[in-house]
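Peer 1: Next comes the sequence, and after it the predicted model I'd like to discuss.
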Amino acid sequence: MTAPKTALVISAHAADFVWRCGGAIALHAEMGYQVTVACLSFGERGESARLWKEGNSLQQVKDIRRAEAEAAADVLGVHHLACFDLGDYPLHLDQSDKMKLVDLIRKVQPAFMLCHSQYDPYNTDHMYTTQIALECRMIAQAWGHNPGGKVLGAPQLYLFEPHQTEQMGWKPDTFLDITPVWDKKRAAMEHMNGQVHLWDYYTRVAQQRANHFKRNSGGMSGGRDCKYAEGFQSIFPRTVDEL
Ligand SMILES: [Zn+2]
């Protein structure tokens, strides 16, 4: 029996993986991929405004956000949710934190990785996370890092869709049809009670991306329909045998 395919999502805060690539997670989970999500923080300070307004303590906010992330991960079929609990606004990883992420990357051996846009002036935690993802991916590929361990191949790093897309210099080059798993993504979003205002917003984003999917797949010329999609920007070139 061959080992199952794997994928790794690196999410700065607890909810990011839900809005931005929940469909990709659910779709690949249904295909048999073991999808690991590394949550570097719970977004307890910066992305939990409603919970603070309700008067919760820091620990309560973190506990609520962890529970929401676990429930969402469950709905999406996440194989392993790794919560690093490193704090947010600002997020910071020291050398030992980075090495833990490198260890996780090597352990998962992902066929592809997902992370934030490279630029985000509204949320430096997001672009910092992508810088860390690139750095840790590089270290995991190095034969001289912990020699004898299984080095990483060359998984694509897809950047998922940020908020305020045009301000981030994010330009999608890949559209994924997530229509078959849309109900799971919507259900996962509805576990994020601290950010109710985003449920419908990210439903509309998925509908817009479905339009782009159809425009670029021939769907508008009689091809198959697509009702919901997610967009991604790939960092690395593709290597192909046929165009
Ligand atoms: Zn975030």
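Peer 2: Here it is on my side, so go on.
Peer 1: going forward, measure contacts and count neighbours with C-alpha atoms only.
Peer 2: OK.
Peer 1: Please identify the nearest residue in space to Gln109, excluding sequence neighbours.
Peer 2: Spatially, and ignoring its direct neighbours in sequence, Gln109 is nearest to Leu152 (6.1 Å; CA to CA, 6 or more residues apart in numbering).
Peer 1: now Ala15
Peer 2: Closest residue in space to Ala15, ignoring its immediate chain neighbours: Ala69 at 6.3 Å, by CA to CA, 6+ apart.
Peer 1: hang on, isn't that neighbour packed against Trp19?
Peer 2: No: under the criterion of CA atoms under 8 Å, Ala69 makes no contact with Trp19, lying 11.4 Å away.
Peer 1: Give me the local confidence score for Ala206.
Peer 2: Turning to Ala206, the model gives it a pLDDT of 98.
Peer 1: On the three-state scheme, it is what?
Peer 2: Ala206 carries the three-state label helix when classified by DSSP: H, G, I helix; E, B strand; the rest coil.
Peer 1: so what's Lys185 scoring on pLDDT?
Peer 2: The predicted structure lists Lys185 with a pLDDT of 98.
Peer 1: Any figure for the gap between it and Met192?
Peer 2: Between Lys185 and Met192 the computed distance is 11 Å (CA to CA, to the nearest Å).
Peer 1: what does Ser217 give?
Peer 2: With distances defined as CA to CA, the gap from Ser217 to Met192 amounts to 32 Å.
Peer 1: Also Ser57?
Peer 2: Noted for Ser57: a distance of 18 Å to Met192, by CA to CA.
Peer 1: So for those two, which sits in the more crowded spot?
Peer 2: With neighbours defined as other CA atoms under 10 Å, Ser57 and Met192 compare such that Met192 has more, 24 against 11.
Peer 1: tell me which element the spatially closest residue to the more buried one that is not a sequence neighbour falls in.
Peer 2: Across the structure, with CA to CA, 6+ apart as the measure, the residue nearest Met192 apart from its sequence neighbours is Glu68 (5.8 Å). Glu68 belongs to helix 58-76 when elements are defined using DSSP states H and E.
Peer 1: what does Phe175 give?
Peer 2: Using DSSP H and E, Phe175 maps to strand 174-177.
Peer 1: on contacts alone, who are the packing partners of that strand?
Peer 2: With contacts defined as 3 or more CA pairs under 8 Å, 6 or more residues apart in numbering; DSSP states H and E, strand 174-177 has these neighbours: helix 197-217, strand 229-234.
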